[in-house]
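[1] attaching a predicted model along with its sequence, questions to come.
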Amino acid sequence: MTGPKGLIAAGIAAAAHLAFSTPVYAAESETLAAVQERGVLNCPGHNGSYLGLAEVDDKGEWKGFDIDLCRAVATAIFGTYEDHVNIVPLSWAQRWPALQSGEVDTIIKASGWTLGRDAELGFQFSNIYMLAPTKILVPKSLGAESVADLDGGAVCVPAGTSTERSVAEYLERVGIEMEFVTSEKTEESEAAFLSGRCDAFAQWDVQLAVLRLKSGKPDDYMILPDSIAAEPVGALVREGDDDWLDIINFTLTTLLAAEEAGVTSENVDEMKANPPAPGIGKMLGATPGYGERIGLSDDWGYNVIKVMGNYSEMFERNLGKESPYGLDRGVNALWQDGGVLWPILID
């Protein structure tokens, strides 16, 4: 006869068995339900053009890496982003109230992950989708190969910014002295650099690539390899909707895992028919289970890659060698290529 202790032990064992053997699927996200009912995903653009990330082309269409990431999320939900994405032009300051009020469903807008934003605004950050390194742009005629070669020179930076502080701290740490030429506006700092008032210009490498193009003589300038600082950039959702955050995170994972496995928009049909690994087969819908756990169809990963391509395809067409900006992946390469990006394991 089993006593009370035996019954308790048996109960614990049964609960443990259920915990490890029974799949627990996410409850439906409130945001996902609202987006599906509306038929449109609302994402932020920029009040103007934030080149490479959110800009309007000569046909009046939005493009850029942040815009494409929003489209990837919409494709995960609807199978395509056509007629299912609404880009809301917002200033930097308007980002937060727009998400808090529900005007947009997520913030994908070059937003750095900070303690204050995470802890005080009522938001949750996704995994990082880009690391924003502060680097230095110089004229090639200067002959500099690293920041050490700039000792005794002058650097242009916008006044009172985190960039100014980061550069000052870096120079002090490595024992290099430079004169700071500061301006109240970024545009004024850029003009000062291009006019030759300083030897170097410090900013996020994306913006340096844009400035190099805007100079009209991009081949005359180079971005030095030194990374002065780095800011993690992620998407934001309203706090408390963890299931919606899962969709953002696994959309990013799909883009990165596809790149890691060599799955592209061109070969995705072949890869789905002959998956290189079980996790990739599940991701592409060849075997069931990828969608049910987060409230989507099982072929949503296939749709994302078929429509948007993998992370590398998105990066190259918006920021890299297929874009006007010609930015190297650098730290935003996959982990096995010397970068910091990695996908969540797909089981």
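    Happy to help now that I have it.
[2] okay, domains of the chain per the record?
    For the chain, automatic domain parsing gives the domain ranges 30-131+231-337, 133-230.
[3] would you list the ones you listed in TSV and tack on mean neighbour count and mean pLDDT?
    C-betas here are computed from N, CA, C, even on glycine. Converted to TSV, these look like this (neighbours: other C-beta atoms under 10 Å; pLDDT from 0 to 100):
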stretch	mean neighbour count	mean pLDDT
domain 30-131+231-337	19	96
domain 133-230	17	93
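[4] I'd like these laid out as CSV, including distance to I344.
    CSV is the format used below for these (distance: least, C-beta to C-beta, whole Å):
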stretch, distance to I344
domain 30-131+231-337, 4
domain 133-230, 21
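[5] can you map out the helices along the protein?
    With DSSP state H as the criterion, the chain has helices at 4-21, 30-38, 65-78, 95-101, 115-120, 162-174, 186-194, 205-214, 242-261, 268-273, 278-283, 300-308, 311-318.
[6] neighbouring contacts of the fourth one?
    In this structure, residues lying in contact with helix 95-101 by C-beta atoms under 8 Å, 6 or more residues apart in numbering are 44, 88, 90, 103-104, 106-107, 109, 111, 121-123, 236-238.
[7] switch the cut-off to 10 Å
    42, 44, 88, 90-91, 103-107, 109-111, 117, 121-123, 236-238 (C-beta atoms under 10 Å, 6 or more residues apart in numbering).
[8] closest to I346 out of the domains of the chain?
    domain 30-131+231-337 (3.9 Å; C-beta to C-beta).
[9] hmm, back to that, now the helices of the chain as JSON lines including distance to D337?
    Shown next, in JSON lines, are the helices of the chain (distance: least, C-beta to C-beta, whole Å):
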{"stretch": "helix 4-21", "distance to D337": "35"}
{"stretch": "helix 30-38", "distance to D337": "33"}
{"stretch": "helix 65-78", "distance to D337": "18"}
{"stretch": "helix 95-101", "distance to D337": "31"}
{"stretch": "helix 115-120", "distance to D337": "29"}
{"stretch": "helix 162-174", "distance to D337": "25"}
{"stretch": "helix 186-194", "distance to D337": "31"}
{"stretch": "helix 205-214", "distance to D337": "17"}
{"stretch": "helix 242-261", "distance to D337": "9"}
{"stretch": "helix 268-273", "distance to D337": "20"}
{"stretch": "helix 278-283", "distance to D337": "18"}
{"stretch": "helix 300-308", "distance to D337": "19"}
{"stretch": "helix 311-318", "distance to D337": "10"}
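[10] which one of the ones you listed lies closest to D226?
    Of all the helices of the chain, helix 162-174 sits nearest to D226, with 8.2 Å by C-beta to C-beta.
[11] which other helices and strands contact the closest one?
    In terms of contacts (3 or more C-beta pairs under 10 Å, 6 or more residues apart in numbering; DSSP states H and E), helix 162-174 is packed against strand 123-139, strand 154-158, strand 179-183, helix 186-194, strand 200-204, strand 229-238.
[12] what's the angle from the third one to helix 186-194?
    Read that as strand 179-183. 140 degrees (axes from the mean of the first three to the mean of the last three C-alpha atoms, to 10 degrees).
[13] identify the residues contacting strand 179-183?
    So strand 179-183 is contacted by 152-161, 164, 167-168, 171, 188-193, 197-202 (C-beta under 10 Å, 6+ apart).
[14] would you mind measuring the gap between the ends of stretch 108-120?
    Terminal residues of stretch 108-120 lie 19 Å apart, using C-alpha to C-alpha, to the nearest Å.
[15] for it, the distance to its chain's centre please.
    13 Å (C-alpha atoms, centre = their mean, to the nearest Å).
[16] what do you get for stretch 282-299?
    That offset, for stretch 282-299, works out to 23 Å (C-alpha atoms, centre = their mean).
[17] in PDB, list the C-alpha atoms belonging to that stretch.
    The C-alpha trace of stretch 282-299 is given here as PDB (Å, rounded to 0.1, in the frame of the first residue of the first chain):
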ATOM      1  CA  LYS A 282      11.200  22.400 -39.300                       C
ATOM      2  CA  MET A 283      12.000  26.000 -39.900                       C
ATOM      3  CA  LEU A 284      10.900  25.700 -43.500                       C
ATOM      4  CA  GLY A 285       7.800  23.700 -42.800                       C
ATOM      5  CA  ALA A 286       9.000  20.400 -44.200                       C
ATOM      6  CA  THR A 287       8.100  18.900 -40.800                       C
ATOM      7  CA  PRO A 288       5.500  20.300 -38.500                       C
ATOM      8  CA  GLY A 289       5.900  22.300 -35.300                       C
ATOM      9  CA  TYR A 290       7.600  25.600 -36.100                       C
ATOM     10  CA  GLY A 291       4.400  27.700 -36.300                       C
ATOM     11  CA  GLU A 292       2.000  26.100 -33.900                       C
ATOM     12  CA  ARG A 293       4.000  27.100 -30.800                       C
ATOM     13  CA  ILE A 294       3.900  30.800 -31.600                       C
ATOM     14  CA  GLY A 295       0.500  31.100 -33.200                       C
ATOM     15  CA  LEU A 296       1.600  31.000 -36.900                       C
ATOM     16  CA  SER A 297       1.300  28.600 -39.800                       C
ATOM     17  CA  ASP A 298       4.100  25.900 -40.000                       C
ATOM     18  CA  ASP A 299       5.400  27.300 -43.300                       C
END
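[18] look up how far E82 lies from the closest residue to Y170 other than its chain neighbours.
    Using C-beta to C-beta, 6 or more residues apart in numbering and skipping residues adjacent in sequence, the residue nearest Y170 is I228, 4.6 Å away. Per C-beta to C-beta, to the nearest Å, I228 is found 41 Å from E82.
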